[in-house]
Every structure is written in structure tokens, then in C-alpha cells.
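[1] dropping the sequence and predicted coords here.
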Amino acid sequence: MPTSKVGEFELLVLLAILRRRDAPYANRVREEIEEHADRTVTRGALYRTLDRLTEKGFVAWELEPSETPDRGGHPMRRLMVTDRGLEAVRDSRNVLLSLLEGLDPVLDAP
Amino acid sequence: MTPKPPRRAARLLARVLADDPAGPSILGDLHEDFAARARSEGVRRARRWYRREALRLAGNRGLDTLLRTLSGSRSMTDLFRPRGLGHDALAAVRSARRDPGLFALVALVIALGVGATTTVFSVLNPLMIAPLPFDEPEDLVWIANESEGGSLSSVTSRSSNLRDFRARSTSFQGITGYNAFFDQSTYTLSGDGAPEQLLGVGVAHDFLEVLGVRPALGRGFTEDEGLWGGPPAVILTHGFWVRRFAADPGVVGSAVTLNGTARDVVGILPRSFDFSSVFTPGVPVDFLLPFPVSDETNRWGNTMSFIGRLRAGASAGTAQQDLDAVVATLQEEQPDRWGLGARVTPLQAHIAGPYRSALLLLVAAAGGVMLIVCVNVANVLLARSPRRGREVAVRKALGATRGRIVRQFLLESLLLCGAGGVLGIGVAVLATRFVAGAPGLDIPLVDRISVDGWALAFAGLAAVAAGLLAGVVPALQVSEGRESTTLNEATRGASSHRAGRRLRELLVVAELALACVLLVSTGLLLRSFQAVLDVDLGFEPEGAVAWQLNPSPDFGSLDEEAAFYDRVTTSARSVPGVAAAGLIDALPLGKNRTWGFRVVGLPADEDTDVGIFPHMIDAGYLEAMRIPVIEGRGFTPDDTHETTPVILINETAADVIFPDGGALGQRLMTGGGDRGWEIVGVVGDIRHLTPETPAAVQVYFPITQMWDYQTMDLVVRSRLPATTLAPTISAALARIDPVMPTRDYWTLESTLARAHSPRRFTLQILAAFGLIALVLAALGIYGVLSNSVAERTREIGIRMALGASAAGVRRAVVLRSVGLAAAGVALGLVMALAAARMLSSLLYGVPATDPLTMFGMAAVLMTVAGLSGLLPAIRASRADGLRALRSE
């Protein structure tokens, strides 16, 4: 099963990176998840997940210099979802959709 | 300018992330959120947030990296796999339940270690680790006049220096100061309720601003209020406000009457800033009032202590260079100017400085106790390992990896340490409460000593570290790949576990050595304390009770004042049971100041380079204190301001100033007056500063001739207990001056006890540690010997069957324990000699290498070791070889 490759939080992180293509940085990704999933994302969990996704080859990143004084001269990490990562997201979507099919009456019941 | 995150936290995180390719960006992410938070919630809260977040992250990432490195080694991979963890944890709990007595004992031992270290951490934390209760405290520095040490006048500075440093230095956002001699005068609060004697400290108007302390209510002082003759204002400390005004916010804006002057209450200090707790531990402060930085106060000489706040980018080092340059320029411009100097030290280092060596000693001692605990626990676990060898062998034969087995052992010791840690926190809470409540313990920030979140985290860490440390040796030893031999041995009945026993004996020797170091240190401190108690103070504290007098009338003349004080002593002497009564401006073991002087008739350049300690006394003081007159006479009522100005000097002064003798009749120029003061008597030396400090050059002036004093202390000698004496003396004083507060009195013995208290405190804690170490070492010896006796029952039984006597067997076992002890003690004495250097600053009247202490403690340890070998020895001599053989 291809979906076993990516866990729930990993999926959230991948999706958030894709949504913030304009500014794919860790802090923006965190905000994106917090906003949509309505949960607090601890820094440690996010970084650890990014490490794991990188190990699995779903995410690649590069450091880019930052001029903002707010970052105290530290660079930013530009995150990218790789082709394999996209593939995993697609697989997850398909599994979710096929599992959800026909469940609307149950899920929308009052 | 954008605010900076806390330096130390950022540095820690950077170090943890050093090998992480994404590290720099993670630092940036945190920095970015910090900047956003600083804008929305303020810099202070943002910094607190950053500290928490950085620590959490450092822990997280650090652990990740560690696990990844460790799990690289193949055979131990299972150690970090979640599979079977629950099963192993359950097995650990089962193993603890199999032997609840042992479990409880080991947990208790760990509790002692965790309790000891956590207590020391809690005491140390507010003083040396936690930031001071100010904004950005790392930017605050202490600016002394000259090097630290010596009398107070030599470290304080003139207010003109403050004015010029402010104007000319470039390294500071601000420099402020307070009157370091504030405790030499008191204020009488009159108005509502009983008159009360209070202490107030004069501060430069920007004092709170520079420290970054915001008043809880109201405001700080204005520049106007800081001028000479400015509007009289006062800021109350939080404690005083709660005590006297029941925390009534309406007090702000009203006026209070202090020494007859109405002063507006403009603010209340926050609870978090207790002036005395930071700057003058043991001297309670009730309020702040403005201290003008003006020509008038400049004439009072070195009266101020300075505190500066560094500009961004400046350090204590650059600030020192800056001030050095300023001082040099000023001295060049004004060659006559005196009292110029500046020595910059970080504020925290200044405050913690005097307590540093004692605290470090306690840290070392607590670390020693913790090590002993670990060794002890490791020993107990090791002792169990032969019995568990078979279990391990079977599991390995069934396919368990070494990682799994090591993990199970580690889980067992972690479980032990968890239980011990919880108990240890209980111990620490009790001990900390005892420390914080210890009477007369004048450590700065003592009010902040508590088992807080940091201490809990520390206790947890200590317990886990102990668990790993104590568990890892047995775990590795048992899991070693020798399953076939273990199985064979187990079935055939092991004849010996020589290697295991050797290891355990080695651990016991280490334990004994550590205990020996602790005991020797305790012994040395004990001998020092005894030496301090035996010091001849030069006066008799027993039976002397004192009152501080703050008379309400403004005296028009010296005669009037002398008459008032004469009435005071006369009426005190008329109280039944009073043997003597006298007056002095400052009793021994308290305040100090120094004056310069010159011998009349000698050219100025031949003056000795010493200052004098001036004291103003009346004719009855020497008798009341039982200070002997060695030569000449004391003061008499005939010494008035119309007769020749006379002084008394102490023996040290006579030796130092007149080494060739003939002090009587000489005259000194000092403390004003143009004719000089004639020496009419030489009196005994007294210890004025501390019981340990030898007498300085002391000069006594009669209060009838010299009025340079702020308040007077009345000292009354009587055989009656202070509690019986006090009301009658108070009543007698109230008849003379009804407004003067007279309720507060103290005994000179309590002053002395207070002077001894830091020493007593260190000694008490160290003694407790030494005792713990001794008990643990005894337990260690007992454990190892009784185990080896149990293992060798068969062997001993056979020997006895072959003719060995019971006494011989007993002797062999006791000798073994004494042999172990001898090795431990020998090692310990060598270590103690090395540690002596650290101790020497805390010792008094005893050398750090005192042979008596060394050998005495060695003897104690040997005796205890011999005794702990006795029980196993008796058990061994009752060994029944036949039964042991039959049971196989």
C-alpha cells in the first residue's frame, strides 16, 4: 500500500508546503496548519516531521539568505515537495476519497 | 533597533544545532517569532518565551541526534525500537514487585541523592543561575570605587563621580546609585499608630529606571525630587506597604511623616523587587527616598554604590576601559581630586561573589553524594546480576538481542530512579523550606529559594542520569555474550563470580574514597567553626542587650545632646538588675567606616598608610562591654566639649601608629578639629567587622566632644534575661522621650549568632551530606560482603568442615572489609588533599591539610567499615557446608 508511506501529520505538512508555494518556509507552514487544522503545532514536532519527510525523499530544501532584521541574520529554509512527495499526496488523496465514498449520509447526519 | 533574544539561550541552541544542516534556519525561525512576540507582548515576555522554547527545542533536537547516532550500532539497535517496550516495562515492574524490600531501599537511597542535589540546586539557582529580578539583568554591572574587599568606604564612591561618569562615559545607557551607608541612620514614622523605627535607603532618582524595575503602583522619582532640597517623596517597599498599610492602594498620593518631615508616597515597589534581598541581605529596607547627586552629598565623601546598565554592544570589559579613560582624564584635569576610581563587574557576579566558594563547595559535596548514590545502586543491581544471569541466558538463547536485554535492565533502574526521584523531590521540598527559613541566614535572594519548575526539571534529570549511570554497568555486564557458560555455571552451581565481585569491590572502594573526601571537608569546617567560636572578641556578648536610639528632639547644642544621653544612661542604670550601661554610635559586628588621620608633630608624608575605625562612645561604654583599659584612663564625665579633646586608641592602633611605644599624650589630627586629639588611654582590641577579622586600628571619641554620628546604640549589661529586662528599660526610655521608638532590642549574642550563621549553614549542610555518605558507604560494604558471603557459603562451609575455625572465618571477612576501607580511605585522603585548595578560603584557624582532621576522619571511616563487615562475618562463621552441598 503506497499510503502507508505517509502519516497524518506528514500529510498535513506536505499539503501546507504546497499551499504556501509563494513562501514555503517552516514558520509559514506552521501557521498554515494551525489555521486550517485548528491545532497548535509544536516546533519540535514540525522539525522532526520535516526531517522524516526529507529522509523519505518527499521533501527537499535549500537554505537561502535572508535580509529581514527579524531573523537576526539567520538564513531561511525554502521547502519543496519532490515528485515522490507529490505522488504520496496523490495516493493519500485517492485512498481517502475512495474510503469516503458513500459515507456522506453517515458523516452529515445530525 | 530590534530586540535581541536572550544571549545564553540562543548560544545553547546554536551549539545543539551545530551539526544540523537545517540548524541556521531553525535559529532564524525562532528569532523571527521572537521579534513578532516582542512587538505584540513586550520584550520581557518575548525573552521568557524564547528561553522556554529554545530549551525545549534544544532538548528535542539533542535527543533526536543522540538516538540517531546511538542506533547506528547494529547489535544495540533494539534499544531504541519501540517494539516490545510495553512488554519490557511490565517486566521491569514485575521484577520490582518480586523484591519490594530491595526496591524500597534502593529508591530511598536514590531519594537521598536526588534530594541533596536538588536542594543545593534550589539554593544556588536564584543566586548564580536564574536571572536577577530586573529587566535584561545581564546588562547590569556593579561599579566599585577600587578593588573589592576592605572596608565599605573603600568600595563606595563619591556622588561627583556618578555625575562625571554619567556625563563622560559612552558605554552605559544609564548609571545610578544608592547610599551604601543608609543603615547608619533610621527614620521614625509618626502619625497613625505607634511610632515605628524604619530603615530607608537613599537612591539616585533614576535608580528604578536603570534597573528596569517598574513600581507596582504609582511612579518612580522625578528629576526634581532628586535635587537637593527637592520635593520630599518616598517609595515604599512591597513588604512594608503590606505590613503597615495592609496593602491599601490609597496610600499612594498620601503623605507619611518620617523624622518629622511629611513625605509624599509616590509609588510602591513590586513584590518581585526586594531591595534588601538583592543588595543588603539581612538589613530589611522599608522605603526608598531620593538621594541627591549634588555638591552637598559629594562633601560626605565615599557614600554611594553605583550600578550601570550597559549599552547594546558594550561589555563589562569595554566599560572598564571606558571608565579607566574617564578616570584618567578627570585626574589629569583635577590633580587634587580624591576618591576617583572605577572597577566594573557584572552585577550578578558581584552579588553572588562572597557566597561563591561556599556554594561551589556545596555543589561539589552534593555531586559527591550523588556519585556515591549511583555507585551504591549500581552495586546493589550488580549483586543481583549473578542470580539473573540464568534468566538472561535463557532469553538470549530464545533469540533476544543484547539491545533488548540491556533495555530491560535500564528500564528497571529507571523505574527505581523514578520512584527515588519522586521521594527525592519530597526531601528537597523539606530541606529547601528549612534553608529558606533558617534564621539569620543573610544570603542574597534567600526569599527566592524554592523547589520551582527548574528544580523539578533538575531533579528529574538527576534521577534519570542516576538511573542510567547506575543501570548501565550491570546491564552491560549481565548481557555480555557468555550464555553457554552462564547456563552451565547455573546448572552446575557456580563456584565463583570472581570478576563480578572484583567490580563490586572496586565500586565500594570508590564510594569510600568519596565519603572520605566529604568527611574530611566536614571535619575541617567543623574545626574552623570551633575556632571561630573560640575567638576572643575583646568584649563580652553574654548578658548584653542593645537598643538603637533615635531621639525625637533636634538638639540645639552638643551640651543639650550630651545631657539627653546622660539622662538615658542614668535612667537605664537605675533599672533594678542593671550592672552597667553605655552608648556607642555603632556596636561591633555591624557597620564600619574609615577615616584618615595624621599624627601631630610628624610631617604629613610620613603618615602610615592606614585608616582608622572611628567610634563615638560615652563614659560608661567600656564597662558595659567589658573592654579593658590597658594603659592610661577611660573617658569620664569630666571630658566635656570645654576641656581638651581626648581619644582612646586600641592596642593595635598603639602598635601600628607608635611602634616604639609612648602613645599616651600624643595627638592625632582626624575627623575635624584643629588642635588634634590627645590620646589619654589604650584599650583592648575588639573584633569589630566579623569574628574572624582581626582588630583594625580603632579610635574612640567621647560623644561629649565629637558629634559625627547619626544614631546611638544603648548597650545594657545585666544578669536578667533580655525578655525580663526589655520592658523595664523601654519604659524608662519612654519616660525620657515618649516619641522615640523603644520596642526593638537585640542581644549581642544574637548579633554574634548572626555573624556565625553563614558558616554554621555551610557546616550543617555539609555535615548532613557527610553523614549520608558515611551511611551509604557502610551500606555499600555491608552489601558487598554479605553478598560475597552468601555466594561462598558452600566454600566457607567446606573450609570449616576441613578445620577452619569460626573465629578465623569471621576475622577473614572483617579483614576483607577493613582492607577495602583502607584502600578507599587512602584514595580518599589523596583526593581530599587535592580538594583542600578549594576549601581553604572557607577555613579559619585550621590548615586545609590538618593532619588531625584527616586521620580522625580516616579512623571514623575505618571503624564504620569494620562494623559493617561484622554482621556478614558472623553469618559466614555460621555457614553450614553440608546443608549448602545438599541443597545443590
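    Perfect, thanks for sending it.

[2] in three-state terms, label the closest residue to residue B:165 other than its chain neighbours for me.
    Setting aside the residues directly before and after it, residue B:165 is nearest to residue B:175 in space (CB to CB, 6 or more residues apart in numbering or on different chains), at 5.3 Å. (C-beta placed from N, C-alpha, C; glycine too.) The three-state assignment at residue B:175 reads strand, by DSSP: H, G, I helix; E, B strand; the rest coil.

[3] show me the contacts for residue B:175.
    With contacts defined as CB atoms under 8 Å, 6 or more residues apart in numbering or on different chains, the neighbours of residue B:175 are B:143, B:162, B:165-166, B:169, B:210, B:306-309.

[4] can I get those residues in JSON lines including pLDDT?
    As requested, the contacts of residue B:175 are exported to JSON lines (pLDDT from 0 to 100):
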{"residue": "B:143", "pLDDT": "83"}
{"residue": "B:162", "pLDDT": "79"}
{"residue": "B:165", "pLDDT": "83"}
{"residue": "B:166", "pLDDT": "81"}
{"residue": "B:169", "pLDDT": "81"}
{"residue": "B:210", "pLDDT": "84"}
{"residue": "B:306", "pLDDT": "86"}
{"residue": "B:307", "pLDDT": "84"}
{"residue": "B:308", "pLDDT": "85"}
{"residue": "B:309", "pLDDT": "87"}
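
[5] can you give me the distance of the residue nearest to residue B:165 to residue B:345?
    For residue B:175, the distance to residue B:345 equals 14 Å [CB to CB, to the nearest Å].

[6] can I get the CA coordinates of stretch B:27-42 in CSV?
    Provided in CSV are the C-alpha atoms of stretch B:27-42 (Å, rounded to 0.1, in the frame of the first residue of the first chain):
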residue,chain,number,x,y,z
LEU,B,27,17.5,29.6,14.7
GLY,B,28,16.1,32.1,12.3
ASP,B,29,12.6,30.7,12.6
LEU,B,30,12.8,31.1,16.4
HIS,B,31,14.3,34.6,16.0
GLU,B,32,11.5,35.7,13.7
ASP,B,33,8.8,34.5,16.1
PHE,B,34,10.6,36.2,18.9
ALA,B,35,10.7,39.5,17.1
ALA,B,36,7.0,39.2,16.4
ARG,B,37,6.2,38.4,20.0
ALA,B,38,8.4,41.3,21.3
ARG,B,39,6.3,43.7,19.3
SER,B,40,3.0,42.3,20.4
GLU,B,41,3.7,41.2,24.0
GLY,B,42,6.7,43.2,25.1
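
[7] which among the contacts of residue B:175 gets closest to chain A?
    residue B:309 (21.9 Å; CB to the nearest CB).

[8] what's around that closest one, how many residues?
    Using other CB atoms under 10 Å in any protein chain shown, residue B:309 is surrounded by 24 other residues.

[9] burial count for the residue of the stretch 351-500 of chain B found nearest chain A?
    Taking CB to the nearest CB, chain A has its nearest neighbour within the stretch 351-500 of chain B at residue B:457, 16.2 Å off. Residue B:457: 14 surrounding residues under other CB under 10 Å.

[10] doesn't it lie inside a strand?
    No - under three-state DSSP, residue B:457 sits outside any strand and is assigned helix.

[11] show the pLDDT at it.
    pLDDT, residue B:457: 81.

[12] distance of it relative to residue B:410?
    Taking CB to CB, one finds residue B:457 at 21 Å from residue B:410.

[13] residue B:431 - nearest residue in space that isn't next to it in sequence?
    Closest residue to residue B:431 apart from its sequence neighbours, by CB to CB, 6+ apart: residue B:119 at 4.1 Å.

[14] residues touching that neighbour, list them.
    By CB under 8 Å, 6+ apart, the contact set of residue B:119 is B:366, B:427-428, B:431-432, B:435, B:765.

[15] select only the buried ones of those residues in PyMOL?
    Of these, the buried ones can be selected in PyMOL as follows, counting by 16 or more other CB atoms under 10 Å in any protein chain shown:
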select buried, chain B and resi 366+427+428+431+432+435+765
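
[16] from the contacts of residue B:119, which land in helices?
    Among these, the residues falling in helices (DSSP state H) are B:366, B:427-428, B:431-432, B:435, B:765.

[17] identify the bridge partners of the residue nearest to residue B:165.
    residue B:308 (DSSP bridges).

[18] and the pLDDT for it?
    For residue B:175, the predicted pLDDT is 86.

[19] quick check: it vs chain A, distance?
    Between residue B:175 and chain A the computed distance is 29 Å (CB to the nearest CB, to the nearest Å).

[20] residue B:767 too?
    Going from residue B:767 to chain A by CB to the nearest CB gives 44 Å.

[21] what's the closest non-adjacent residue to that residue?
    residue B:522 (5.2 Å).

[22] just give me the neighbour total for the one you found.
    For residue B:522, the neighbour count with other CB under 10 Å is 24.

[23] isn't it up against residue B:769?
    Yes - using CB atoms under 8 Å, residue B:522 is in contact with residue B:769, at 7.5 Å.

[24] show me what contacts the residue in chain A positioned nearest to chain B?
    Minimum separation of chain A from chain B (CB to the nearest CB) falls at residue A:74, amounting to 2.9 Å. Contacts for residue A:74 were tallied using CB under 8 Å, 6+ apart; they are A:66, B:24-25, B:27-28, B:31.
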